[in-house]
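1. Please work out how this folds:
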Amino acid sequence: MITSANYKSPIGNIFLKADEVGLTELRFDLQEYTNYENNTKFEPLLERTNIHLIQSKLWLDIYFSGHEPSFFPDLHLIGTPFQIEVWKLVQKIPYGSTTSYSNIAQEIAKFKGIKNMAAQAVGYAVGLNNISIIIPCHRVIGKNGKLTGYSGGIEKKKYLLNLEKSVIT
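-> Numbers count the residues shown, from 1 in each chain. Purely as a prediction, here's the structure:
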């Protein structure tokens with residue numbers, strides 16, 4: 001059964017969705033988002049709860065209090081094998097740190113034993129991350145240290161990095 005909830009954060013409303021496996025979606029502002037894989041709109045569901053939503057809200061409470069949560073809620077990553085690989089690497093970016101799309105691409109290339117991987121492919125996969133903040137795509141920045149696109153908007157990205165006291169330019 002798919003369940004959903006809203007969470008009021010310091011930077012706006014957050015929409016959460018989970019199934020029996022784990023959290024499947026964490027997005028800002030209940031905006032209409034397009035799933036570019038199949039060109040459909042994400043629709044909010046009636047609010048219900050489950051253990052994964054309770055865990056996720058607790059994680060967000062700790063995070064927005066300015067502390068690094070000591071646990072992760074159960075996640076159900078839905079995407080291609082490449083996207084899931086990228087998201088798992090993004091989830092490993094330490095709290096308060098940043099990395100670039102090209103660094104992630106180099107890490108994937110090294111792991112796969114290939115000469116290189118396009119940073120643009122990584123950027124596309126990062127952009128399709130459905131579980132914002134917990135899979136901290138806000139910690140991924142441009143190679144030159146500049147802040148780049150973020151589905152919640154650059155101002156939210158700046159807020160999250162400042163909350164973690166990451167160095168931003």
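2. Return the set of buried residues in the helix or strand where Leu161 lies.
-> When secondary structure is defined by DSSP states H and E, Leu161 falls within helix 154-163. Using 16 or more other Cβ atoms under 10 Å as the burial criterion, the residues of helix 154-163 that qualify are Lys156, Lys157, Lys158, Tyr159, Leu160, Leu161, Leu163. All C-beta spots, glycine's among them, are computed from the backbone N, C-alpha and C.
3. Dump those residues to TSV, plus pLDDT.
-> Output for those, formatted as TSV (pLDDT from 0 to 100):
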residue	pLDDT
Lys156	92
Lys157	92
Lys158	92
Tyr159	94
Leu160	95
Leu161	94
Leu163	95
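4. Let me know the closest of the residues you listed to Ser56.
-> Leu160 (15.9 Å; Cβ to Cβ).
5. from memory that closest one sits against Ile133, does it?
-> Yes: distance between Leu160 and Ile133: 6.8 Å, which falls inside the contact criterion (Cβ atoms under 8 Å).
6. tell me the SS of the nearest residue to Leu16 once chain neighbours are set aside?
-> When the adjacent residues along the chain are set aside, Leu16 lies closest to Ala5, with 4.9 Å between them (Cβ to Cβ, 6 or more residues apart in numbering). Using DSSP: H, G, I helix; E, B strand; the rest coil as the criterion, the local structure at Ala5 reads strand.
7. Give me the distance between Ala5 and Leu75.
-> According to Cβ to Cβ, to the nearest Å, Ala5 stands 15 Å off from Leu75.
8. So if I had to pick from the two, which one is more boxed in?
-> Neighbour comparison, Ala5 and Leu75: the larger count goes to Leu75, with 22 against 19 (by other Cβ atoms under 10 Å).
9. bridging residues for the more buried one?
-> In this structure, Leu75 bridges to Leu23 when assessed by DSSP bridges.
10. how much space between it and Met117?
-> With Cβ to Cβ as the criterion, Leu75 and Met117 are 23 Å apart.
11. just Tyr63 next, same as before
-> Distance of Tyr63 to Met117, given as Cβ to Cβ: 30 Å.
12. Tell me who's in contact with the residue positioned nearest the centre of the chain.
-> Per Cα atoms, centre = their mean, the C-alpha nearest to the average position across the chain is that of Ser132, at 2.6 Å. With contact taken as Cβ atoms under 8 Å, 6 or more residues apart in numbering, Ser132 is in contact with Leu26, Arg27, Phe28, His138, Ser151, Gly152.
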